[in-house]
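K.L.:
Coordinates for the following, if possible.
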Amino acid sequence: MLEKWVGLTFSFFLAMGLLQVRMGHASLSLPKPSFDGKVSVEKAIKERRTIRDFKERTLSLAYLSQLLWAAQGITDPTIGRRAAPSGGALYPLDIYVLIGENGVEKMEAGIYHYLPKEHSVLLISKGDRRKEMASASLGQMWMATAPVIFIITAEYKRTTWKYGERGIRYALIEVGHVGQNLFLQAEAMGLGAGIVGAFNDLEVSKVAGLPPKHEPLLIMPVGYKK
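P.N.:
This is a model prediction of the structure:
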């Protein structure tokens, strides 16, 4: 009976266009982002702080959607432009999000990959791996209190084929833009974001199950401020 119910539920979401299947994994379509917030850019800049202590409070799916859109979402569907500027519009970055147990409503704990064109997330692996990610970040265990942790990676060949070694610098510039977008979007929604650059690259890649060519550059835990 349970297997039948799960199958019917899966079929329902698939038929509604909320669930897609790619490479054996299920992807979940996200709510449409808002383009008209109540907090000014100036106020978000003024109030933004690096947060290292979070409440045990679940984020809404709409909030996760908004954060991902601010990081790498499509802002001009006609030509595929994204929320953060990119050298040559080549977009070498990828966003992965680690969701903890009860981290986001209607989503199970796991590692997800953001797909900007579809504005959806692809489940990579199941399980709450926040403590493992904190350990991989040189033991910064405060990270494990955040309901979600964003991992921003770069695949350098997407820019170096055109710009040579200079393309690496362009990717590093771009990750700064994405990080600031996340900071300001979180602040505008009453959330807080931390920022982590000290971590063991190989361990982070292992915990997140990253593809070999997706090198982690930045980690940002996000949640409600204490």
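K.L.:
give me the element the nearest residue to Leu68 once chain neighbours are set aside is part of.
P.N.:
Nearest residue to Leu68, sequence neighbours excluded (CB to CB, 6 or more residues apart in numbering): Tyr114, at 4.9 Å. Heads up, the C-betas are built off the backbone N, CA and C, glycines and all. Assessed by DSSP states H and E, Tyr114 sits inside strand 110-115.
K.L.:
For that strand, give me every contacting residue.
P.N.:
If you take CB atoms under 8 Å, 6 or more residues apart in numbering as the criterion, strand 110-115 is touched by 27, 68, 71-72, 94-99, 120-129, 208-209.
K.L.:
For ChimeraX, write the select line for the buried members of these.
P.N.:
In ChimeraX, this line selects whichever of the contacts of strand 110-115 come out buried by 16 or more other CB atoms under 10 Å:
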select :27,68,71,72,94,95,96,97,98,99,120,121,122,123,124,128,129,208
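K.L.:
For Phe35, give me the pLDDT.
P.N.:
Predicted confidence (pLDDT) at Phe35: the value is 95.
K.L.:
Among the contacts of strand 110-115, which are located in strands?
P.N.:
Counted as lying in strands by DSSP state E, out of the contacts of strand 110-115, are 27, 94-99, 120-126.
K.L.:
Report the two of the residues you listed separated the most.
P.N.:
Longest distance between any two of the ones in strands among the contacts of strand 110-115 is 19.6 Å, between Asp94 and Lys126; criterion CB to CB.
K.L.:
list the contacts for the residue nearest to Leu138 when sequence neighbours are not counted?
P.N.:
Excluding the flanking residues, the one nearest Leu138 by CB to CB, 6+ apart is Ala198, at 5.1 Å. The contact partners of Ala198, by CB under 8 Å, 6+ apart, come to Ser137, Leu138, Gln140.
K.L.:
I'd like the ones in strands among the contacts of strand 110-115 laid out as a markdown table, including distance to Leu202.
P.N.:
A markdown table is the format used below for those (distance: CB to CB, whole Å):
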| residue | distance to Leu202 |
| --- | --- |
| Ser27 | 27 |
| Asp94 | 17 |
| Ile95 | 20 |
| Tyr96 | 16 |
| Val97 | 20 |
| Leu98 | 17 |
| Ile99 | 22 |
| Ser120 | 28 |
| Val121 | 24 |
| Leu122 | 23 |
| Leu123 | 23 |
| Ile124 | 17 |
| Ser125 | 17 |
| Lys126 | 22 |
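K.L.:
hmm, back to that, most neighbours among the contacts of Ala198, which one is it?
P.N.:
For these, the largest number of neighbours (other CB atoms under 10 Å) sits with Ser137, at 24 neighbours.
K.L.:
Just give me the neighbour total for the nearest residue to that one once chain neighbours are set aside.
P.N.:
What sits nearest to Ser137 in space, not counting adjacent residues and going by CB to CB, 6+ apart, is Phe199, at 4.0 Å. Residues lying near Phe199 (other CB under 10 Å) number 23.
K.L.:
buried residues in the top helix by length along the chain?
P.N.:
Identified as the longest helix of the chain according to DSSP state H is helix 166-188. Buried positions in helix 166-188, judged by neighbour count with 16+ other CB under 10 Å: 167-168, 170-171, 174-175, 177-188.
K.L.:
Tell me which other helices or strands the longest strand belonging to the chain touches.
P.N.:
Taking DSSP E as the criterion, the chain has its longest strand at strand 215-223. On a contact count with 3 or more CB pairs under 8 Å, 6 or more residues apart in numbering; DSSP states H and E, strand 215-223 meets strand 148-154, helix 166-188, strand 192-193, helix 201-208.
K.L.:
That'll do, ta.
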